[in-house]
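predicted model and sequence below, questions to follow.
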Amino acid sequence: MTSLREKYEAATRELQAPFAMVDLAAFRANADDLTRRAHGRPIRVASKSVRSRELLRRTLDRPGYAGIMAFTLPEALWLDAASPRLSDDILVAYPTADRSALVDLVRGPTAAHHITLMVDHTAHLDMIVAAVRKADRGADTPRVRVCLDIDAGWQPLGPHLRVGVYRSTVRTPAQAAALARAVVARPELELDGIMAYEGQIAGLGDAPPGRPLYGRLLSALQRRSAVELARRRAAITRAVRAVAPLRFVNGGGTGSLHTTGRERAVTELAAGSGLYQPHLFDHYRSFRGRPAALFALPVVRRPAPGVVTVLGGGYPASGPVDAFRPPVPHLPEGLTYSPHEGAGEVQTPLMGAAADRLALGDRVWMRHAKAGELCERFDTLHLIDSDTGTYEGAVPTYRGEGHAFL
C-alpha cells in the first residue's frame, strides 16, 4: 500500500521546496466532520483560518456552510467585492477602528447590505455613526448592521477568577439589552445579531499530551463553563430580542461545535481551523481531524549521524510563548527539533532515526501550530488529493493576491 508520504512526494515531484500544500481529501473529510458535529446548525466559515479565497469558496459550496466570519473590515470589503461574490453575508468578528474603511463601507454600492460589524461599546457605535455622516449619501444612505459581542468567559467566583479570553465588556443580559437600546437609538444603525465565542472550550484541547490529570481537570472546567454559558447566552438572547429582532445568534468554534450546536438560542456556528487541522487542534477528546495543511522543507545538510538540516522552518504561531507554538515535523515520522536550536529563520536542524534515511534534496513535511497563519508565509497553496494521489493545481493565498490585512 502506498503511504501518505509517498503520495505527497509523487504528486509534487516537480515542485521545488519550500512550498505549502493542502490535502483536499483531508480537507473534505474535516469539512464533513465539522458539519456532523454542528447538529444541523449552519457554519459560518472563519476566514482567518483559511486565508484563500478559492478554498473559502469551496467550503461555502458544501452543504452545511453559510456566510463568512472575516477578521478585519478591509478584508470584508475585499471579499465582498470579489467577482463572483463569495457571500452576501459577512460578519466582521472583531471591532474596527478603521475610519476610512468605515466610510468605504457606507459609500460602496452594496457592501453595507452584506457586511455586519462587531461592537461591544457605545464608542464603537459613535465611530460608525460618524463614518455614516461623513459618507453623506443623503436619502440613499444605508443603515449599518452591527452585532453585539458578548463575553463568553467563565467566572466561577466572580470577576477576580476568570477562565477564558479577554474580549467584550458586555457580559450580562442587562448590559446586552442596554447596548441594544443604544444601537436602536441611533437611526444610522441596525441591530443584526449576537456573537459569543467560548475560546476556553473551542480553542483549548482537553487532552494535552503527557498531562492526563490536567486534561481531566480542564475537561471538567469546560463542561461547567458550557453549562453556565448556555444559560447566560439564552438569557442574553431573550433580553436583546425584547429590544429588537435578531437575524442570528452566533456561537461556537472548531472545538465546541458539538456542545454549542445543541443550544436552542444559537442559530449558527463558526469554525475554520478544523478545515486545515493544525497541530494545536490534535488534543481534543471529542473529535479527531486529519492534517490537511502542510508545508514541505528541503533537506540541505546532513551535519551528523541522526541529524539533517532543512531550509527555513521558523514559522511560530501567535499566542503565549510555549513549546506548542512552533511547527512540528510530520513526515517522515520520528523527527524532533534540536533542543539547542529549535526552528530557525533560515535553517532548522532535525534529529531522529528517520534523519539517516533522508538525502540532500529530500523533503520533510511540517504542520503549523495554527491554521491560517501558515498562509502569511506562502503565496500559493498546492492542492493534492491523497484519495487519488494526484496533483490538482494551485490557488493563491491572501498574500499571493497581494493582501496582508494584519
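Yep, it's here. Worth saying up front: this structure is predicted, and the values here are computed from it rather than measured.

every contact and neighbour count from this point should use C-alpha atoms.
Will do.

what does the lowest-mean-pLDDT helix or strand in the chain contact?
The least trusted helix or strand in the chain, going by mean pLDDT, DSSP states H and E, turns out to be helix 199-202, with a mean of 82. Helix 199-202 has contacts (C-alpha atoms under 8 Å, 6 or more residues apart in numbering) with 152-153, 163-165, 222, 226, 252-257.

ok, 10 Å please
Helix 199-202 is contacted by residues 152-154, 163-167, 218-219, 221-223, 225-226, 251-260, 271, 281, 284 when judged by C-alpha atoms under 10 Å, 6 or more residues apart in numbering.

now, of these, which are buried?
152-154, 163-164, 167, 218-219, 221-222, 225-226, 251-260, 271, 281, 284 (16 or more other C-alpha atoms under 10 Å).

among those, which lie within strands?
With strands taken from DSSP state E, the overlap with those comprises 251, 271.

among the buried ones among the contacts of helix 199-202, name the ones in helices.
Secondary structure from DSSP state H places 218-219, 221-222, 225-226, 257-260 of the buried ones among the contacts of helix 199-202 in helices.

hmm, which of those residues is lowest in pLDDT?
pLDDT across those is lowest for Leu218, at 77.

mind checking what helix or strand follows the helix or strand Ala182 falls within in sequence?
Following DSSP states H and E, one finds Ala182 within helix 173-184. The C-terminal neighbour of helix 173-184 among helices and strands, as given by DSSP H and E, is strand 189-196.

in contact with Arg247, which residues?
Applying C-alpha under 10 Å, 6+ apart, the residues near Arg247 are 147, 191-194, 267.

please apply the same query to Leu294.
19-23, 276-278, 327-331, 365-368, 371, 374, 381-382.

can you check Leu374 too?
20, 49-51, 278, 293-295, 315-317, 327, 367-368, 381, 397 are the contacts of Leu374 under C-alpha under 10 Å, 6+ apart.

again, 8 Å this time
315, 368.

that one in helix, strand or coil?
At Leu374 the chain is in helix, as set by DSSP: H, G, I helix; E, B strand; the rest coil.

for Ala25, helix, strand, or coil?
Going by three-state DSSP: Ala25 is helix.

and it, how far from Gly253?
22 Å (C-alpha to C-alpha, to the nearest Å).

in the helix or strand in which Tyr391 is found, what counts as buried?
Assessed by DSSP H and E, Tyr391 sits inside strand 390-396. In terms of neighbour count (16+ other C-alpha under 10 Å), strand 390-396 has its buried residues at 391, 395-396.

ditto for stretch 181-192
Neighbour-count burial for stretch 181-192 [16+ other C-alpha under 10 Å]: 181-183, 188-192.

repeat for stretch 232-244
Buried residues in stretch 232-244 (16+ other C-alpha under 10 Å): 232-237, 239-240, 243-244.

which of those residues lies closest to Ser3?
Nearest to Ser3 among the buried residues of stretch 232-244 is Arg233, at 46.4 Å by C-alpha to C-alpha.

how many neighbours does the closest residue in space to Pro74 that isn't next to it in sequence have?
Closest residue in space to Pro74, ignoring its immediate chain neighbours: Ala101 at 6.1 Å, by C-alpha to C-alpha, 6 or more residues apart in numbering. Residues lying near Ala101 (other C-alpha atoms under 10 Å) number 18.

circling back to that earlier point, the helix holding Ala182 packs against which elements?
For helix 173-184, the packing partners by 3 or more C-alpha pairs under 8 Å, 6 or more residues apart in numbering; DSSP states H and E come out as helix 122-135, strand 144-149, strand 189-196, helix 212-241.

what angle sits between the third one and helix 173-184?
In this case it means strand 189-196. Strand 189-196 and helix 173-184 are oriented at 150 degrees to each other (axes from the mean of the first three to the mean of the last three C-alpha atoms, to 10 degrees).

which helices and strands sit right next to strand 189-196?
strand 144-149, helix 173-184, strand 248-251.

touching stretch 133-151 from outside, list them.
Under C-alpha under 8 Å, 6+ apart, the answer for stretch 133-151 is 103-104, 106-107, 112-113, 115-120, 128, 132, 166-171, 176, 179-180, 187-197.

which residue lies nearest the spatial centre of the chain?
With distances taken as C-alpha atoms, centre = their mean, Ser49 lies nearest the centre of the chain, 3.3 Å away.

could you give the number of residues near the closest residue to that one other than its chain neighbours?
Leaving aside its sequence neighbours, Ser49 sits nearest to Gly372 (C-alpha to C-alpha, 6+ apart; 3.9 Å). Gly372: 24 surrounding residues under other C-alpha under 10 Å.

distance of Gly372 from Leu294?
11 Å.

ok, Thr254 next?
19 Å.

one step back: need the buried residues of stretch 181-192 in JSON lines (columns: pLDDT).
Converted to JSON lines, the buried residues of stretch 181-192 look like this (pLDDT from 0 to 100):
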{"residue": "Arg181", "pLDDT": "98"}
{"residue": "Ala182", "pLDDT": "98"}
{"residue": "Val183", "pLDDT": "98"}
{"residue": "Glu188", "pLDDT": "97"}
{"residue": "Leu189", "pLDDT": "98"}
{"residue": "Glu190", "pLDDT": "98"}
{"residue": "Leu191", "pLDDT": "98"}
{"residue": "Asp192", "pLDDT": "98"}
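
show me the shaky parts of the stretch 251-400 of the chain.
For the stretch 251-400 of the chain, applying pLDDT under 70 flags no range at all.

so where do the helices sit in it?
Using DSSP state H, counting those that start in this stretch, the helices assigned to the stretch 251-400 of the chain run over residues 257-260, 273-276.

dump these into TSV; add distance to Gly67 as well.
TSV is the format used below for those (distance: least, C-alpha to C-alpha, whole Å):
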stretch	distance to Gly67
helix 257-260	16
helix 273-276	15
